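In: could you look at this predicted model? Sequence included:
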Amino acid sequence: MKRAPHPSDSLLDLIGGTPLVPLHFAEEGVTVLGKAEFLNPSGSVKDRLAKAVILAGEASGELRPDSVIVECTSGNTGISLAMVGAARGYRVRTVMSTTASGERRSLLRRLGAELFLFEGGVSYQAGIELTREMAAADSRVYLPRQFENRLNAEEHEEGTGQEIIAQSGGELHAFVSGYGTGGTLAGVGRALKARWPGLRVVAMEPSGELMPGELPCCHRIEGVAQDYEPPILGMAPIDQRVRVAGGQAMAMARRMHREFGLLVGTSSGANVVAALEVARELGPGARVVTILCDRADRYFSTALFGD
Ligand SMILES: Cc1ncc(COP(=O)(O)O)c(C=O)c1O
């Protein structure tokens, strides 16, 4: 899409085009390819969605200079919208659970976003309802609707998925990803399956179970849906589901910090645990790709750094 030049273009140009990093697990005898989405400018895969929905809103005329962008988010989408919103001059309000890490809230406030918190433990559905009520009460509200907006998946199909194909160096056998909205899983899954029809698309899901000796706080994998099947997930060609415990996810994220020097967050650890399992199932020579969703510094106050 051709768009008029804007001072924020240099920031928007930093979004996407992330490297595909080979992770050699010598002990397990497996190599997993990780798409380094934590290198996006605000630190997560969600920068792609924020750029897409804001540019689409401007192009359609729905997003106007006095608009307030309102979204229900586990934090990362809010930070991405707030970053792009700051650079393009929009007000952003994020509706999020009180359980989202303090780092997310601090970043949101610094980027000038308003925070609307709802009680933790309540499903995303409650937050989504709140955003709809806000839109009904104020005509300035612009809803990106990340959980149902097809653009979310399309952006990953045309962007992230095509980048992975170009970077893969040959056939891939499986794609593994957790889902919050399902945009990444659906979009990348569709792109890779279209290229390699035999490729297995695997949904990583949190098991919710505690590892021996773990505190109840540790079952959570932030950003990944535990009790909510988002509408966009229906677009994902899922062949298999693999469940990962929060403790396993954190142990793997810490291993990624220490053994690979990759400062990723908990959901990246969970994705890699599931990717290793799938690679072992597929056998020697299997080429499995997964997503490294966000950065470790978003989790300093959480159990990830409590060891
Ligand atoms: C840390 C983290 N991991 C994974 C995801 C899942 O991404 P998607 O919404 O594309 O399913 C999110 C989404 O919010 C996230 O914040």
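Out: The structure has been received and is ready for your questions.
In: what segments of the stretch 51-200 of the chain are helices?
Out: Assigned helices in the stretch 51-200 of the chain, in chain order: 76-88, 102-110, 124-137, 150-158, 160-167, 183-195 (criterion: DSSP state H, counting those that start in this stretch).
In: and these, which is most packed in?
Out: Highest mean neighbour count of those: helix 76-88, a mean of 26 (counted as mean count of other C-beta atoms under 10 Å). C-beta: built from backbone N, CA, C; applies to glycine.
In: burial of the residue nearest to residue 96 when sequence neighbours are not counted, as a residue count?
Out: Residue nearest to residue 96 in three dimensions, not counting chain neighbours: residue 73, with 5.4 Å by C-beta to C-beta, 6 or more residues apart in numbering. Residue 73 has 30 neighbours, counted by other C-beta atoms under 10 Å.
In: doesn't residue 92 make contact with residue 73?
Out: No. Assessed by C-beta atoms under 8 Å, residue 73 is found out of contact with residue 92, at 10.1 Å.
In: next, show the common contact partners of those two.
Out: Contact criterion C-beta atoms under 8 Å, 6 or more residues apart in numbering; residues shared by residue 73 and residue 92: residue 81.
In: for the ligand, what are the nearby residues on the stretch 51-200 of the chain?
Out: 74, 76-77, 178-185 (C-beta under 6 Å from any ligand atom).
In: can you put these in JSON lines and add pLDDT?
Out: As requested, those are exported to JSON lines (pLDDT from 0 to 100):
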{"residue": "74", "pLDDT": "79"}
{"residue": "76", "pLDDT": "93"}
{"residue": "77", "pLDDT": "95"}
{"residue": "178", "pLDDT": "97"}
{"residue": "179", "pLDDT": "95"}
{"residue": "180", "pLDDT": "92"}
{"residue": "181", "pLDDT": "93"}
{"residue": "182", "pLDDT": "96"}
{"residue": "183", "pLDDT": "97"}
{"residue": "184", "pLDDT": "98"}
{"residue": "185", "pLDDT": "98"}
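In: and these as JSON lines, adding distance to residue 210?
Out: Shown next, in JSON lines, are those (distance: C-beta to C-beta, whole Å):
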{"residue": "74", "distance to residue 210": "21"}
{"residue": "76", "distance to residue 210": "25"}
{"residue": "77", "distance to residue 210": "28"}
{"residue": "178", "distance to residue 210": "19"}
{"residue": "179", "distance to residue 210": "22"}
{"residue": "180", "distance to residue 210": "22"}
{"residue": "181", "distance to residue 210": "26"}
{"residue": "182", "distance to residue 210": "26"}
{"residue": "183", "distance to residue 210": "29"}
{"residue": "184", "distance to residue 210": "27"}
{"residue": "185", "distance to residue 210": "25"}
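In: can you list the domain ranges for the protein.
Out: Here the domain parsing of the chain from automatic domain parsing is 9-44+154-305, 46-142.
In: how about the helices of the stretch 51-200 of the chain in TSV, adding distance to residue 243?
Out: Converted to TSV, these look like this (distance: least, C-beta to C-beta, whole Å):
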stretch	distance to residue 243
helix 76-88	22
helix 102-110	25
helix 124-137	19
helix 150-158	23
helix 160-167	24
helix 183-195	15
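In: how many neighbouring residues does the residue in the chain positioned nearest to the ligand have?
Out: Nearest residue of the chain to the ligand, counting by C-beta to the nearest ligand atom: residue 223, 2.4 Å away. Number of residues near residue 223 (other C-beta under 10 Å) recorded here: 28.
In: so what's it up against?
Out: 44, 74-76, 178, 180, 265, 267, 293-294.
In: please redo it, this time with the cut-off set to 7 Å
Out: For residue 223, the contact set (C-beta atoms under 7 Å, 6 or more residues apart in numbering) comprises 74, 76, 180, 267, 293-294.
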